[in-house]
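Q: Can you look at this prediction? I've put the sequence above it.
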Amino acid sequence: MMTKCCKPLLKAGCMGQEVIELQKLLAHWQIYPHALTGMFDPTVETAVRLFQRQVFLKETGVVDRMTWQALYQGAPIDMPVLQRGCAGEAVKLLQNTLTRTKDYFGAIDGSFGQKTEQAVRSFQRRQGLISDGVVSQCTWRTLGKTRY
């Protein structure tokens with residue numbers, strides 16, 4: 001059996017045991033409610049895209065190394081710690097996510113200021129996390145599991 005680091009790239013049209021493993025992982029994370037066919041069909045691709053969205057990966061529908069790693073962890077991977085003063089694309093991603101959870105109502109500007117911090121604290125409180133306004137792995141993991 002292959003180790004996690006050596007998993008093949010899977011995409012539409014692939015077939016076999018690796019696709020069954022993928023389907024099992026997606027089913028485990030409650031994203032794939034269909035039969036385990038071993039065929040990477042449109043239902044599998046849709047499930048992969050949904051999973052990628054939930055773990056903040058680019059929604060390609062292709063199962064690459066990062067997607068395999070996230071599937072095994074069931075959580076976002078390699079996400080930066082964000083706090084007041086941070087800026088950039090990761091902050092925009094955070095702001096977009098907090099908008100969907102109805103915690104953030106400001107501009108999606110990539111600037112982690114007071115409004116973003118308040119939104120993070122609100123989300124953390126509602127989820128039973130320590131409300132420190134810092135987005136570390138625990139907060140990213142919880143954001144990834146939130147359904148909106």
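A: In hand now; what should we look at?

Q: mean confidence for stretch 94-114?
A: If you average the pLDDT over stretch 94-114, you get 96.

Q: Show me what it is in contact with.
A: For stretch 94-114, contacts defined as CB atoms under 8 Å, 6 or more residues apart in numbering pick out 56, 82-89, 91-92, 115-116, 119-120, 122-123, 126, 135, 143, 146, 148. Quick note: C-beta positions are derived from backbone N, CA and C, even for glycine.

Q: Alpha carbons of the one helix or strand L22 maps to, as CSV, please.
A: Using DSSP states H and E, L22 falls within helix 17-28. Listed next in CSV are the C-alpha coordinates belonging to helix 17-28 (Å, rounded to 0.1, in the frame of the first residue of the first chain):
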residue,chain,number,x,y,z
GLN,A,17,-8.4,1.5,-5.7
GLU,A,18,-7.0,5.0,-5.1
VAL,A,19,-10.4,6.5,-6.2
ILE,A,20,-12.2,4.2,-3.8
GLU,A,21,-9.8,5.4,-1.0
LEU,A,22,-10.6,9.0,-2.0
GLN,A,23,-14.4,8.2,-2.0
LYS,A,24,-14.0,6.7,1.5
LEU,A,25,-12.2,9.7,2.8
LEU,A,26,-14.8,12.1,1.4
ALA,A,27,-17.5,9.9,2.9
HIS,A,28,-15.8,10.0,6.2
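
Q: Heading C-terminal from it, find the next helix or strand.
A: helix 42-54.

Q: distance between that next one and the chain's centre?
A: Computed by CA atoms, centre = their mean, to the nearest Å, the chain-centroid distance of helix 42-54 equals 11 Å.

Q: Could I get the full set of helices for the protein?
A: With DSSP state H, the ranges of helices along the chain come out as 17-28, 42-54, 65-73, 89-100, 114-126, 137-145.
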